[in-house]
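In: Next one to model:
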Amino acid sequence: MQQLLDQMPPRAVWAVHSNFLANPAYRPPGYIFINMIRNPISRLCSIFYYGVDPVARNRKVAMATLRDRQKQGVCGCAALEFHECIDAQVKNGCPLDNDGASQARHFCPKADRPCSGRQAFKNILTTYTLVGITERMKDSLALFEKLLPQWFAGATKAYAGLPRARVSRTFNRMTNTSLTGYVPEHTKALIMKHWTLYHSEAELYNAVAGLLERKLAKFGVNQ
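Out: Numbering: from 1, shown residues only. Okay, here's the model as predicted:
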């Protein structure tokens, strides 16, 4: 990644899934890093459905993920809805330790993993111009536009004009599931109790949400 950054011309934009760079040479003002995070429970649910989504993903990859889940038996939740999966995993003593659902790890170098929400937030403060929140897209875009007008001028207006289309289909014929995004309260309670990463992930999310509020006030962005 560092080699690719070195080859980029001035003012270039690189949009890519990438992890935190520990090298202090890649810091503002020479480099500007931004990111987005999402409610950890909502993200966990989304990852569950996305893994076997033949529309949003390559069909072969989705099928491979489904076969892996089938091999895990009751813990794999191959043909279950998300809330049914959490119920089954808790009932049967299956681990909910899904490291792939951690957002904190993306804000720490690989050498420091597992990464706590607290450490991830420290790295955000020193390295990232802004980390937005998916559930507050309008506010996040308004701040991006305010802080980085060369790249985000007109972003809020453009976002307002976008169609609210789903990336994935409501019904998945491979798994016969149709409740994407549905997380009842009892499922949230089980996740909070049994997912070992939850409190660290929630700590990061809440810290970023607080920082977003402070920056909205600081820069006079209307909410």
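In: Name the residues of the helix or strand of the chain with the lowest mean pLDDT that come out as buried.
Out: Ranking every helix and strand in the chain by mean pLDDT, DSSP states H and E puts helix 2-6 at the bottom, with a mean of 84. For helix 2-6, the neighbour count (16 or more other C-beta atoms under 10 Å) marks L5 as buried. Quick note: C-beta positions are derived from backbone N, CA and C, even for glycine.
In: then it to PDB, C-alphas only?
Out: The C-alpha trace of helix 2-6 is given here as PDB (Å, rounded to 0.1, in the frame of the first residue of the first chain):
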ATOM      1  CA  GLN A   2       2.800   2.400   0.800                       C
ATOM      2  CA  GLN A   3       4.400   1.900  -2.600                       C
ATOM      3  CA  LEU A   4       1.100   2.600  -4.300                       C
ATOM      4  CA  LEU A   5       0.700   5.800  -2.300                       C
ATOM      5  CA  ASP A   6       4.200   6.900  -3.200                       C
END
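In: Name the nearest residue to V208, sequence neighbours excluded.
Out: V131 (5.3 Å; C-beta to C-beta, 6 or more residues apart in numbering).
In: mind listing what whichever helix or strand that neighbour is part of pairs with, with the direction of each?
Out: Using DSSP states H and E, the element containing V131 is strand 128-133. Note on strand 128-133: by DSSP bridges, its sheet partners are strand 33-37 (parallel).
In: What's the first helix or strand after the strand it pairs with?
Out: Using DSSP H and E, the helix or strand that follows strand 33-37 towards the C-terminus is helix 40-50.
In: I'd like the distance from the helix or strand E145 falls within to the chain centre, please.
Out: Per DSSP H and E, E145 falls inside helix 137-147. Distance of helix 137-147 from its chain centroid, counting by C-alpha atoms, centre = their mean, to the nearest Å, is 18 Å.
In: Tell me what angle it forms with strand 33-37.
Out: 170 degrees (axes from the mean of the first three to the mean of the last three C-alpha atoms, to 10 degrees).
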